[in-house]
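Q: predicted model, plus sequence, below.
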Amino acid sequence: MSRAAAPGTRMRIRWGQVPAAVLMAMTGGVVPGVAQAPTFSSTLRYGSGYFDVPAAVVLPSLAFRASWSGFLVRVDADPEVDGNGAVEDPGAARSSFHGDGAFSVGLWDRLEVGATLQSFAGTAQGGTQAGLFGKALLLNPARSGLGLAVGARYLNAPTGEGGVELAPARLGFGDPRLRASFDDGRSVDTRLTVYGVASVYLPGIRFAWLPDNQVSLSAGYGSGMFREGSGLPWYAPEGTGGWFFGGGWEVQTGSGAVVALRAEHNGFDVNAGVEVAWGGLRVGVHGLGLNHGGGTSVYRSRKAGFSASVTACPLLKRACRPSLRVAFAADTVRLPAPPPDTVVIVQGSRRPASVGRPRRLCLSSGEDLWVLIPAAEDTLTQGIRAWIESLPPGVIPAGRYAEAAGWYAPGAELELPAGVYRPEGDPISPGCAEILPWVEYQGVPLFRFREAQSPPSVLLLPVAPGIWQLFRHSPGGSSETAR
């Protein structure tokens, strides 16, 4: 912990912040925010979502995710087809394992882009299959629980024997039977998939013995792999015409992990599974094609699979922690408040005032706390501080604050990779609904107003519980690293 700076002096960045400044320069000066949308798992091949179905959520800014998934298939017969895609022979038994990898990055809390690596094989096995994907968040679910997004996936067209152009298959491997065009003129265009998706996040089951939990529901419509191939009896005899659906139930455990149950219909298959997330690591097991029975082809059979992903948030580790819809959790254990829901403040040995004014204090944990401050002390600097000082030993409001960190001094400036921020005006007491966490500075979270762009022109520093200091970006200021 550094020594407190004198009033009017600048607080210098520690050497540990230098990598952040380098990343800032590489990304055009964009500082990442804390993603207030729920942290979500990766699909098997195409970024944030369920298994094949996307969700209206993206990775936090400059967060990186690498994922790997695989499934095992065993069928008694895998059909052989003719030039029109019709089954001409039931085929032989098949037992094989298929794996897929993907890498994605979040940008500006609005975009997620990445690459997928699915199959590297010769023409006899269907050729190489790889591609790119991206998703743009139109409506952030952090604000109302409702999210909207649009996205696209593009895969290369593998080449089969004889130079025949193939269509990428939905299970992530090249298939010499699935042609881009058949002899009878029928075509299958799965190279480009464009979609729109809406997701809603609802409070889960509320029982005293059950941890915090939530329900997510998603629905959307897409082209390409969500629709193409319908009518080929061995590939997709029937489908939804491009509609897809997903749902999940997530439970936050006491150890900081999230256990998620998820299911989806991707237009052709019903998939379901369970995933455990802890820190930036996620592992899960699932079943694919649960609506298929009999094992009449690799596509119309039930398959067992696994998934694993690692997410890194180099500029803000908190953004990678698994969470429900509100991502900024309290840093300390809070005692349950006795009824009624209002705290009466007593200073010293005085009796509580018979008349007081309720105040809502925003803590740096991102949660509001209601207190009743006697009218005689109803000022920001006296009433709130008197309440804090009168708390019994061992009772500490949740969150981390600059005043307790040891480095804060009134009038001091903040030097961030985005530039210098100078204090403005007297302390204020905003409601938590007005602000969002943005980045961490020397162990204390800095907030921005909810509607502000990134990087914001105004920051809020939690000095003490319920007391916030405004800092405004100085266009002429420059960031310096400590010597």
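A: Sure thing, it's come through. Nothing here was measured: the structure is a model prediction, and the numbers come from that model.
Q: could you find the closest non-adjacent residue to residue 247?
A: Closest residue to residue 247 apart from its sequence neighbours, by C-beta to C-beta, 6 or more residues apart in numbering: residue 217 at 5.0 Å. Yep, even glycine has a C-beta here, placed from its N, CA and C like the rest.
Q: kindly report the same for residue 141.
A: residue 147 (3.3 Å).
Q: contact partners of the helix or strand where that neighbour lies?
A: Per DSSP states H and E, residue 147 falls inside strand 146-155. By C-beta atoms under 8 Å, 6 or more residues apart in numbering, the residues outside strand 146-155 that reach it are 37, 46-47, 54-58, 116, 118, 129-141, 168, 190-201, 224-225.
Q: what subset of the residues you listed is buried?
A: Taking 16 or more other C-beta atoms under 10 Å as the criterion, what is buried in the contacts of strand 146-155 is 37, 46-47, 54-58, 116, 118, 129-131, 133-135, 137, 140-141, 168, 190-191, 193, 195, 197-199, 201, 224-225.
Q: touching, residue 422 and residue 413? I think so.
A: Yes: using C-beta atoms under 8 Å, residue 422 is in contact with residue 413, at 5.1 Å.
Q: so for the two, which residue has more residues nearby?
A: residue 413 (18 against 15; other C-beta atoms under 10 Å).
Q: so the more buried one sits right up against residue 423, yeah?
A: Yes: Residue 413 is in contact with residue 423 according to C-beta under 8 Å; the separation is 7.2 Å.
Q: pLDDT weak spots in the stretch 251-400 of the chain?
A: The stretch 251-400 of the chain contains residues with pLDDT under 70 at 254-256, 315-357, 372-396.
Q: at 90 instead, please
A: For the stretch 251-400 of the chain, applying pLDDT under 90 flags the ranges 251-260, 276-282, 289, 291-301, 309-400.
Q: would you map the helices across it?
A: For the stretch 251-400 of the chain, helices defined by DSSP state H, counting those that start in this stretch occupy the ranges 383-389.
Q: so whichever strand or helix holds residue 115 versus strand 146-155, what angle?
A: When secondary structure is defined by DSSP H and E, residue 115 falls within strand 111-119. Interaxial angle, strand 111-119 versus strand 146-155 (axes from the mean of the first three to the mean of the last three C-alpha atoms, to 10 degrees): 40 degrees.
Q: list the buried residues of strand 111-119.
A: Buried residues in strand 111-119 (16+ other C-beta under 10 Å): 111, 112, 113, 114, 116, 117, 118, 119.
Q: for residue 216, which residues are in contact?
A: So residue 216 contacts 38, 55, 199, 200, 201, 202, 246, 247, 248, 249, 250 (C-beta under 8 Å, 6+ apart).
Q: which residues are in contact with residue 468?
A: Residue 468 touches 362, 427, 428, 429, 430, 447, 460, 461, 462, counting by C-beta under 8 Å, 6+ apart.
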